[in-house]
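> Sharing a model that was predicted from the sequence below.
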Amino acid sequence: QVQLVESGGGEVQAGGSLRLSCAASELFVSLYAMGWFRQAPGKEREFVAGINKGGFLTDYADSVKGRFTISKDNAKNTAYLQINSLKPEDTAVYYCAAARSLLSVSRSAINFWGQGTQVTVSS
């Protein structure tokens, strides 16, 4: 059974940093486009960052460009999201996603979702 397990969320002050991890089981991150989405209270889930199957192309939502960095470590079978310069509007549940696609997760049907990890940014 495929599992994507996120960790690394928490409560930080504005300007702080966190690194989210997405550990995959029964799925090889090297064979999937991986990505992160987030959902704030009362809002729809939105795309945040994606990395392609080959690991050499990334894309980001405009609101996080320059602050967030996505990566994946095939040896550890884990995807990461480094988030810096956090803002209160970044507060949301962050979800890891995997897509069996050559395209970014932002343009693909998602095959698997994680359960989410809460990020709360206080001002």
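Arrived safely, thanks for sending.

> all contacts plus neighbour counts: C-alpha atoms, from now on.
OK.

> how about the strands of the protein, start to end?
Under the criterion DSSP state E, the chain contains strands at 3-7, 10-13, 18-25, 33-39, 46-51, 58-60, 68-73, 78-83, 92-99, 112-113, 117-122.

> show me the contacts for Gln1.
The contact partners of Gln1, by Cα atoms under 8 Å, 6 or more residues apart in numbering, come to Ser25, Glu26.

> Which positions are bridged to Tyr60 in the beta structure?
Ala49 (DSSP bridges).

> Can you read off the pLDDT for it?
With respect to pLDDT, Tyr60 has a value of 97.

> Relative to Phe68, how far out is it?
In this view, Tyr60 and Phe68 are 8 Å apart by Cα to Cα, to the nearest Å.

> Can you work out which residues contact both of these two?
Counting by Cα under 8 Å, 6+ apart, the residues touching both Tyr60 and Phe68 are Ala49.

> re earlier: export the strands of the chain as JSON lines, with columns for mean neighbour count.
Shown next, in JSON lines, are the strands of the chain (neighbours: other Cα atoms under 10 Å):
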{"stretch": "strand 3-7", "mean neighbour count": "20"}
{"stretch": "strand 10-13", "mean neighbour count": "15"}
{"stretch": "strand 18-25", "mean neighbour count": "20"}
{"stretch": "strand 33-39", "mean neighbour count": "26"}
{"stretch": "strand 46-51", "mean neighbour count": "24"}
{"stretch": "strand 58-60", "mean neighbour count": "19"}
{"stretch": "strand 68-73", "mean neighbour count": "20"}
{"stretch": "strand 78-83", "mean neighbour count": "21"}
{"stretch": "strand 92-99", "mean neighbour count": "25"}
{"stretch": "strand 112-113", "mean neighbour count": "17"}
{"stretch": "strand 117-122", "mean neighbour count": "20"}
